[in-house]
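Chemist: sequence first, predicted model second:
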Amino acid sequence: MRRGCLEISKFGQGLGYPVWSSCNGLILTRDPRYLRFLYVSDPLTKQRAILPPYFHQIKTHEYFRLAFDEASMEYKVVQARHCGLFPSKSQNIEILTVGVDRVWRRIDVEHLSLISREAFISKPLVTGAFIHWIGTTFILTLNVETETIFQFPLPPQSQHGLRKFLPMGSNLSVVCGSSELYRDVWEMNPESGTWTMLLRFDLRPLICKFPDLFPHRLKFLDPLGWLEAGEVLFFNTKDTQKCCVAYNIKTSEMQLFEVYTLIISYHFQPRDVNNLVRLEE
């Protein structure tokens with residue numbers, strides 16, 4: 001977003017494999033030559049750091065996440081393995097500091113109950129120095145600076161019905177249905193786990209302006225990410241995955257744009273180049 005208008009830029013970064021995570025403009029992806037290796041790179045400068053191999057048996061890298069520790073000015077990569085519906089007592093989260101660690105280190109989760117550890121089945125969300133796993137009524141939050149995991153309750157309004165958790169700046173947000181035509185936006189302080197309701201917005205301007213794009217059944221209306229924290233959301237529907245709308249939920253201004261690929265297979269991540277920290281060779 002620039003001066004209230006949406007600008008779309010395209011660039012070729014030469015990646016033939018999925019990007020699993022993004023942080024401050026850096027991306028976490030798989031090495032094209034050695035599939036067991038991951039690397040962190042800046043797609044604009046092409047600078048990259050190859051991570052030590054992860055030797056455990058996994059079929060996918062989709063549970064790896066990149067986060068930034070502001071206190072040490074270092075990047076860390078975290079892996080939470082998909083453990084099925086009943087994780088064992090020996091379940092651990094593994095972490096390494098990019099450019100420092102030569103082996104993966106374990107973060108103990110013995111203080112969490114087996115029911116709590118079921119949240120690790122969800123794909124993690126990153127907000128700055130925090131990584132979150134969403135449960136039904138609670139959230140597990142990892143502080144990558146202290147390398148400790150905390151369990152916080154979710155707001156009761158988000159524990160049932162329609163809800164979508166989205167990174168919003170350095171905090172986590174949830175967009176949940178308060179009624180058929182309205183959505184509430186809640187924001188979580190990752191330090192304390194406290195949730196605050198930011199606003200309630202109306203879906204009717206969106207439906208009225210694009211009646212052919214969005215179906216009458218609003219449960220198919222899917223928020224995908226924030227373009228401006230707390231102000232501009234972009235939406236698509238499960239039926240029209242290539243068409244998206246940037247919707248200013250405060251002013252009701254909106255703009256339609258297309259993504260020239262099936263977006264159901266992609267993770268949308270904010271890119272903040274102002275906070276970019278250079279990778280060391």
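Modeler: That came through, no problem. None of the values given here were measured: they were computed from a predicted structure.

Chemist: could you report the pLDDT at residue 41?
Modeler: On the pLDDT scale, residue 41 is placed at 85.

Chemist: correct me, but it touches residue 27?
Modeler: Yes: in this structure, residue 41 is within contact of residue 27 by C-beta atoms under 8 Å, at 6.0 Å. Glycine gets a C-beta too; all of them are placed from N, C-alpha and C.

Chemist: quick one, helices of the stretch 151-281 of the chain?
Modeler: Ranges of helices in the stretch 151-281 of the chain, per DSSP state H, counting those that start in this stretch, are 204-209.

Chemist: pLDDT weak spots in it?
Modeler: Counting by pLDDT under 70, the ranges of the stretch 151-281 of the chain that qualify are 214-220, 237-242, 259-281.

Chemist: mind doing that once more with 50?
Modeler: Along the stretch 151-281 of the chain, segments meeting pLDDT under 50 span 263-265, 274-275, 281.

Chemist: for it, which segments count as strands?
Modeler: 163-168, 171-177, 182-188, 195-202, 221-228, 232-237, 243-248, 254-258 (DSSP state E, counting those that start in this stretch).

Chemist: and of those, who's closest to residue 126?
Modeler: Closest approach to residue 126 among the strands of the stretch 151-281 of the chain (C-beta to C-beta): strand 163-168, 6.4 Å.

Chemist: run the chain-centre distance for the closest one.
Modeler: The chain centroid and the centroid of strand 163-168 are separated by 8 Å under C-alpha atoms, centre = their mean, to the nearest Å.

Chemist: tell me the contacts of the residue nearest to residue 170 when sequence neighbours are not counted?
Modeler: Spatial nearest neighbour of residue 170, chain neighbours left out: residue 128 (4.1 Å); criterion: C-beta to C-beta, 6 or more residues apart in numbering. Counting by C-beta atoms under 8 Å, 6 or more residues apart in numbering, residue 128 touches 67, 68, 70, 169, 170, 190.
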